[in-house]
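Participant: Pasted the sequence and its predicted model underneath.
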Amino acid sequence: MDSNQDFENYQKAKKQVEEIKGFYSHLLSYVLVMLVLAGINIKYSPSHIWFFWPLLGWGLGLFFHAVKVFNWFPFLSKNWEEKKLQQFMDEEKNRSKKYE
């Protein structure tokens, strides 16, 4: 059973590493594209700064990607609901044992 648990832990860790790699790839794309857009904006229409809007929009998406990958808000994670259900079931089981 221990090796099965080790394998599951390895799989979870591997998935987390892949998600982090995906985030950093997303971040690199964001930075490069924003630099190109800023360059185009400044060269061809410096009187009207428009590259700020894609910077803001994509940046918001990038922020939410980071929130998900780095689990900054644990109540939004995939297994938060499962953990809460288990907690409530355990509490109920302990309450019912008190009255037996």
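Facilitator: Ah, there it is. Just so you know, these numbers come straight off a predicted model, no measurement behind them. Residues are numbered from 1 along each chain as shown.

Participant: the longest helix in the protein is where?
Facilitator: helix 2-44 (DSSP state H).

Participant: Not counting its own residues, what contacts the next helix or strand after that one?
Facilitator: For helix 2-44, the following helix or strand on the C-terminal side (DSSP states H and E) is helix 52-70. With contact meaning CB atoms under 8 Å, 6 or more residues apart in numbering, helix 52-70 is reached by 19-20, 22-23, 26-27, 30, 33-34, 37-38, 72-73, 76. Glycine gets a C-beta too; all of them are placed from N, C-alpha and C.

Participant: Narrow these to those that are buried.
Facilitator: Neighbour counting over the contacts of helix 52-70 (16 or more other CB atoms under 10 Å) leaves 23, 26, 30, 34, 37 as the buried ones.

Participant: would you list those residues in CSV and tack on distance to residue 13 and pLDDT?
Facilitator: Listed next are the buried ones among the contacts of helix 52-70 as CSV, based on distance: CB to CB, whole Å; pLDDT from 0 to 100:
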residue, distance to residue 13, pLDDT
23, 16, 97
26, 20, 98
30, 26, 98
34, 32, 98
37, 36, 97
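
Participant: Specify which member of those residues is nearest to residue 15.
Facilitator: residue 23 (12.9 Å; CB to CB).

Participant: Leaving out chain neighbours, which residue sits closest to that closest one?
Facilitator: residue 69 (4.5 Å; CB to CB, 6 or more residues apart in numbering).
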